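[1] everything below, folded, please.
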Amino acid sequence: MTKDIRPRINAQQKRALDYLRTKERRILVIGDLHEPFCLSGYREHCIDTYERYNCNQVIFIGDLVANAFASFHETQAELPAGQDELDFAIAKIQQWYESFSEATCIIGNHDRIIARKLVRAGVPQKWLKSYNEVLGTPNWNWVERIEFDGVQYLHGEGGTATTKVKNDMQSTVQGHIHTQAYVTWFSGQKQLFAMQCGSGVDRESLAMSYAKAFKTQQIACGVVIGGHTAINCLMPL
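    The predicted structure is shown next:
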């Protein structure tokens, strides 16, 4: 008789496994990257979080690229020139694309810098390539805002996630503010939450010199499950 070598799990472990297998959205929310100035190890942290929570969907919360050469902030002379920075950023984004080939990308203020400069120069939008064409990410979907399970996802230039929830009366996930990673709940006629998901930006990079005097960056990503559970996942540093 063949010996039964199947792994045995107890009742608690089975409930945990059943929970991980529940058919609902389990969204990994990846913070601002500002490539090519993302912190080393952040991508691996996001991959680990995706696997740990059995995620089945990915949202980049915006500012995937830095475009530091064209920034409205003061830039350092030692930064790479525009073409070099873009080439470095594309190479970094390709690594993210290899890890997460299907994703929704929220358009952040740094992502749209080039488009804004073209508009100011009077250049028609038709002359502008899409993000997917430039970055080589054909399966990514770029949007200003998106909603799943009653939760809205946006970059967050208009203030904190807490303020947005109060203004819109809707659960909100956003990035943009590198120094914040939190989930706050509000209870009234229905339960709502505000999530700041943190970021993956290397504050020691020259591109972030304008923020050197700010509070410490919160290096983190987030997970939203079924629109009812929101979790901050801070990267061990």
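[2] work out for me the element residue 119 sits within.
    Per DSSP states H and E, residue 119 falls inside helix 113-120.
[3] CA atoms only: put that helix into CSV for me.
    Output in CSV follows, covering the C-alpha atoms of helix 113-120 (Å, rounded to 0.1, in the frame of the first residue of the first chain):
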residue,chain,number,x,y,z
ILE,A,113,5.1,66.4,-17.0
ILE,A,114,6.1,66.0,-20.7
ALA,A,115,2.5,66.2,-21.9
ARG,A,116,2.0,69.3,-19.9
LYS,A,117,5.1,71.0,-21.4
LEU,A,118,3.9,70.1,-24.9
VAL,A,119,0.5,71.6,-24.2
ARG,A,120,2.2,74.8,-22.9
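[4] in it, which residues are buried?
    Of all the residues in helix 113-120, those buried under the rule 16 or more other Cβ atoms under 10 Å are 113, 114. C-beta: built from backbone N, CA, C; applies to glycine.
[5] what's the first helix or strand after it?
    helix 131-135.
[6] which helices and strands sit right next to the next helix or strand along the chain from that following helix?
    Sequence-wise, the next helix or strand downstream of helix 131-135 (DSSP H and E) is strand 140-143. With contacts taken as 3 or more Cβ pairs under 8 Å, 6 or more residues apart in numbering; DSSP states H and E, strand 140-143 sits against strand 103-106, helix 131-135.
[7] out of the ones you listed, flag the one nearest residue 115.
    helix 131-135 (9.6 Å; Cβ to Cβ).
[8] circling back: now do the helix holding residue 119: distance to the chain's middle.
    Computed by Cα atoms, centre = their mean, to the nearest Å, the chain-centroid distance of helix 113-120 equals 23 Å.
[9] ditto for stretch 182-191
    22 Å.
[10] give me the below-cutoff pLDDT ranges for the chain.
    1-6, 70-82, 205-215 (pLDDT under 70).
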